[in-house]
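Q: Provide a 3D model corresponding to the input given below.
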Amino acid sequence: MNWRYAHTALALCTLAFTATMVARLVISPLVPAITEAFAVTNATVGLALSGMWAAYALAQFPSGVLGDRYGERTVILTAVGATALAALLIAVSPSILAFMAFTVVLGVGAGLHYSVATTFLTKQFDDIGRAIGVHVAGGPIAGLAAPPAAAVVGAQYGWRAGILLGTLVAVPVFVLFAWRIDPTEPVRPDQPMRDRFAVGPLVELLSRPPILYTTVLATLGAFSWQATASFLPTFLSVGGGLSTGLSAVLFSLYFLVHGGTQPVTGSLSDRFDRDTAAMLTMSAGVVGYGTLVFVAATDGAGLAPTVIGVVLVGLAMSWGAPVQSRFMDLLAADERGAGFGLVRTVYMVIGASGSVVVGAVSDVAGWTVAFGLLAVVMGLGLTTLTANRVLGLGY
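A: Numbering: from 1, shown residues only. Here you go, the predicted structure:
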């Protein structure tokens, strides 16, 4: 493959996504030290993190609008720069209220990147499935590296130093992106911003049957992703009887597979079609979650089936590459920025309920039932895809 500008754009957009994710993920392993430093409860810090992720989801649509108005390069640089600054402000927070406010700022800043970068990459490549898959992999890469790095730095130098990793990663990425990426022309530089937020056109876009259908698929995937990212280690240790250390290793394996298979499922969606690749991921989810539940329920079925289950769940969570590519196929070139941002906000906000629902089910009925629910959710996605193909619904 001859290296060209498009590959530089893909590499730097992926690094930018990794940087925005690192700044968010370094906080979680430092929560005990943060609660001790500010003399607050886990619930208080948890509220700050919930605010961060909610702000991240809600920023997706405005970011698309801003990308259309000012160009993708400007918005991506703003996202990475805001991420670096917000991480610095969190690290020097003098109080818990400041800490909470700055985590929300981090969510907004980081949230400006993904939708705009995806639109930008769609302009650079014909095989957008593979490109989106590589870009999405920036998140799992951060998930694999950031938490253990933050834990080590935090233990050695304190939680504030651990938070600063977000700034240290984002600054060089900002410089590289500004240096190597050419200015981009805005798609709608003259359209008033208020017109982009008019309710009628937004409802019309979301109510298009193929868009609505794809949003449902993405919501099912986001629900499962959120619950898995929140509770897989707890399920493995409490529900599966594994040690905390082994559960952490398997969680890292999950992120490794999750990141490594995104480009693969994206490429498959280019070579065959989006739904075939999505059906592969949903099928892996049914078998993967089902295997983990079976192992937990049989109490001592062995480590090997658990590893297989984790690998399949990692593959299942690579649904993003084919499903997001599906959105891009359905949206016109001049509506991809705001349109993709809009649907991404919708499915991320609804999908965020995965943590709450699965956590509540685990309290009431136990971890096997809670993760069994995720197998059902993946099964619902697979059934939806199969019905569309078999019945020729045309969505």
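
Q: convert the C-alpha atoms of stretch 237-253 to CSV, please.
A: The C-alpha coordinates for stretch 237-253 follow below in CSV (Å, rounded to 0.1, in the frame of the first residue of the first chain):
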residue,chain,number,x,y,z
SER,A,237,-14.7,-11.8,39.8
VAL,A,238,-18.0,-11.7,41.6
GLY,A,239,-20.2,-13.7,39.3
GLY,A,240,-17.5,-16.0,37.8
GLY,A,241,-15.4,-16.5,40.9
LEU,A,242,-12.1,-15.3,39.3
SER,A,243,-9.5,-13.3,41.2
THR,A,244,-9.4,-9.6,40.8
GLY,A,245,-6.1,-9.7,39.0
LEU,A,246,-7.2,-12.3,36.5
SER,A,247,-10.4,-10.4,35.9
ALA,A,248,-8.4,-7.3,35.1
VAL,A,249,-6.2,-9.3,32.7
LEU,A,250,-9.3,-10.6,30.9
PHE,A,251,-10.7,-7.1,30.8
SER,A,252,-7.5,-6.0,29.0
LEU,A,253,-7.9,-9.0,26.6
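
Q: so which residues make contact with that stretch?
A: Here stretch 237-253 makes contact (CB atoms under 8 Å, 6 or more residues apart in numbering) with 144, 148, 232-234, 236, 292, 295-296, 299-300, 303, 306-307, 310-311, 314, 362, 366-368, 370-371. For the C-beta atoms, the positions are set from N, CA and C on the backbone; glycine is no exception.

Q: helices - which of these land there?
A: Judged by DSSP state H, the contacts of stretch 237-253 include 144, 148, 232-234, 292, 295-296, 303, 306-307, 310-311, 314, 362, 367-368, 370-371 as members of helices.

Q: thinking again about what came up before, just the buried members of the contacts of stretch 237-253?
A: By neighbour count, with 16 or more other CB atoms under 10 Å, those hold 144, 232-234, 236, 292, 295-296, 306, 310-311, 314, 362, 367-368, 370-371 as buried.

Q: I'd guessed T215 sits against Y347; true?
A: Yes - if you go by CB atoms under 8 Å, T215 and Y347 touch, sitting 5.5 Å apart.

Q: which of the two has more neighbours?
A: A direct count of neighbours by other CB atoms under 10 Å for T215 and Y347 places Y347 higher, at 25 against 21.

Q: list the contacts of stretch 357-373.
A: Contacts for stretch 357-373 (CB under 8 Å, 6+ apart): 223, 227, 230-231, 234-235, 238-240, 289-290, 292-293, 296-297, 374.

Q: tell me the buried residues in stretch 210-227?
A: Residues of stretch 210-227 classed as buried by neighbour count (16+ other CB under 10 Å): 210-211, 213-227.

Q: quick one: that stretch to chain centroid distance?
A: Centroid displacement of stretch 210-227 relative to its chain, using CA atoms, centre = their mean, to the nearest Å, is 12 Å.

Q: equivalent analysis for stretch 175-183, please.
A: Relative to the chain's own centre, stretch 175-183 is displaced by 24 Å; criterion: CA atoms, centre = their mean.

Q: buried set for that stretch?
A: Here stretch 175-183 shows 176-177, 181 as buried, counting by 16+ other CB under 10 Å.

Q: and what of stretch 98-118?
A: Neighbour-count burial for stretch 98-118 flags 99-118 (criterion: 16+ other CB under 10 Å).

Q: hey, which helix is longest across this structure?
A: Longest helix in the chain, counting by DSSP H: helix 244-271.

Q: G67 reaches H113, doesn't it?
A: No - counting by CB under 8 Å, G67 stays clear of H113, with 10.0 Å between them.

Q: quick one: common contacting residues for these two?
A: Common neighbours of G67 and H113 (CB under 8 Å, 6+ apart) are V75.

Q: between the contacts of stretch 357-373, which is nearest A11?
A: When those are compared for distance to A11 (CB to CB), S230 wins out at 29.9 Å.

Q: what is the neighbour count of that closest one?
A: For S230, the count of nearby residues is 17 (other CB under 10 Å).

Q: so what's the nearest residue to it once chain neighbours are set aside up against?
A: Leaving out its chain neighbours, the residue that sits closest to S230 by CB to CB, 6 or more residues apart in numbering is S355, at 4.3 Å. Residues near S355 by CB under 8 Å, 6+ apart: 226-227, 230-231.

Q: among those, name the ones in helices.
A: 226-227, 230-231.

Q: from those, which is closest to L12?
A: Of those, the one sitting nearest to L12 (CB to CB) turns out to be Q226, at 27.4 Å.

Q: and the closest residue in space to that closest one that isn't next to it in sequence, how far is that from R194?
A: In space, and not counting its chain neighbours, Q226 is closest to G354: 3.7 Å by CB to CB, 6+ apart. As judged by CB to CB, to the nearest Å, G354 and R194 stand 34 Å apart.

Q: neighbour-wise, which of the two wins?
A: G354 (25 against 7).

Q: so which strand or helix has the more buried one?
A: helix 353-365 (DSSP states H and E).

Q: re earlier: dump the contacts of S355 into TSV; add pLDDT as well.
A: Listed next are the contacts of S355 as TSV, based on pLDDT from 0 to 100:
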residue	pLDDT
Q226	84
A227	86
S230	76
F231	81
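
Q: what's the pLDDT at the residue nearest to S230?
A: For S355, the model assigns a pLDDT of 77.

Q: can you list the buried residues in stretch 119-135?
A: Under the neighbour-count criterion of 16+ other CB under 10 Å, stretch 119-135 has 119-122, 124-125, 128-135 buried.

Q: send over the helix or strand where T383 lies as CSV, restricted to the C-alpha atoms.
A: Element membership for T383, per DSSP H and E: helix 367-390. Only the C-alpha atoms of helix 367-390 are listed here, as CSV (Å, rounded to 0.1, in the frame of the first residue of the first chain):
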residue,chain,number,x,y,z
TRP,A,367,-24.9,-11.4,37.7
THR,A,368,-25.8,-14.4,35.5
VAL,A,369,-29.2,-13.0,34.8
ALA,A,370,-27.8,-9.5,34.3
PHE,A,371,-25.3,-10.7,31.6
GLY,A,372,-27.8,-13.1,30.2
LEU,A,373,-29.8,-9.9,29.4
LEU,A,374,-26.9,-8.8,27.2
ALA,A,375,-27.1,-12.0,25.3
VAL,A,376,-30.8,-11.3,24.7
VAL,A,377,-30.0,-7.8,23.6
MET,A,378,-27.5,-9.1,21.0
GLY,A,379,-30.0,-11.7,20.0
LEU,A,380,-32.6,-8.9,19.4
GLY,A,381,-30.1,-7.1,17.2
LEU,A,382,-29.4,-10.4,15.2
THR,A,383,-33.1,-11.1,14.8
THR,A,384,-33.7,-7.5,13.6
LEU,A,385,-30.9,-7.9,11.0
THR,A,386,-32.1,-11.3,9.9
ALA,A,387,-35.7,-10.2,9.5
ASN,A,388,-34.7,-7.2,7.3
ARG,A,389,-32.8,-9.6,5.0
VAL,A,390,-35.2,-12.6,5.0
